[in-house]
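Asks: From the sequence below, what's the structure:
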Amino acid sequence: CVTGVQTCALPIWVTCVGFADDMVLTMTGPDPNVLFSTLGYRANRIKKEIATLGLSLNTSKTEVVLYTNKRPTVLPTFRIGTDVIPISNKARYLGVILDRHLTYSEHLSHIVAKTKRSIYMLRNLVYRKFGPSPKLMRLCYTIVARTKLSYACHVWRSEEHTSELQSHSDLVCRLLLEKK
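Replies: Alright, predicted model coming up:
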């Protein structure tokens, strides 16, 4: 995690992963009540540790998600210091939306919509400036669409998503190549 935070001696069932200013604490176990109390204790320790480094934890951006395939149970209140952290059905980490069942369907819908918006904007710009140019349209597809659609695909890719992604990729190609 953050330099110095690793000194908070986390037990083996708690994992702390950080990149830039994003941090994730993950825990596994059969009892959500035990997980939440342990996680709350560890989060408060980390908050104190980063305070000694002159940093602060933004609790308004903090999310708690219980990843499970089981039916939702009544979950305890989660607190960091005096702040109550709401329990969410999804979290976003490094641009990937992680839903509570880890299906990634919401992430896929989000990136497809984002890609379509970008492609429509680029297509209009290219047509206005240069006219219909297949070479420029292919460059737009390669630089914008393919990179957006494949970002972090090693995490969320599955057979179901691959076929859906291919159909969206085909649609983006048709949008780029159709005449206005």
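Asks: which secondary element of the chain has the worst mean pLDDT?
Replies: helix 159-177 (a mean of 73; mean pLDDT, DSSP states H and E).
Asks: Summarise which helices and strands it is packed against.
Replies: helix 105-130, helix 134-140, helix 146-150 (3 or more Cβ pairs under 8 Å, 6 or more residues apart in numbering; DSSP states H and E). C-betas here are computed from N, CA, C, even on glycine.
Asks: possible to save these as TSV with distance to Thr59?
Replies: Shown next, in TSV, are these (distance: least, Cβ to Cβ, whole Å):
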stretch	distance to Thr59
helix 105-130	24
helix 134-140	40
helix 146-150	31
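Asks: which residue is nearest the middle of this structure?
Replies: Val96 (2.3 Å; Cα atoms, centre = their mean).
Asks: what residues are up against that one?
Replies: Val96 is in contact with Tyr104, His107, Tyr151, Ala152, Val155, Trp156, counting by Cβ atoms under 8 Å, 6 or more residues apart in numbering.
Asks: And for the fourth one, the neighbour number?
Replies: Burial of Ala152, expressed as a neighbour count using other Cβ atoms under 10 Å, amounts to 14.
Asks: Next one: the residue nearest to it when sequence neighbours are not counted, what pLDDT does it get?
Replies: Residue nearest to Ala152 in three dimensions, not counting chain neighbours: Val96, with 4.9 Å by Cβ to Cβ, 6 or more residues apart in numbering. As predicted, Val96 sits at a pLDDT of 88.
Asks: ok so, going back, what's the most distant pair in the contacts of Val96?
Replies: In terms of Cβ to Cβ, the contacts of Val96 reach their longest pairwise distance at Tyr104 and Tyr151, which sit 12.0 Å apart.
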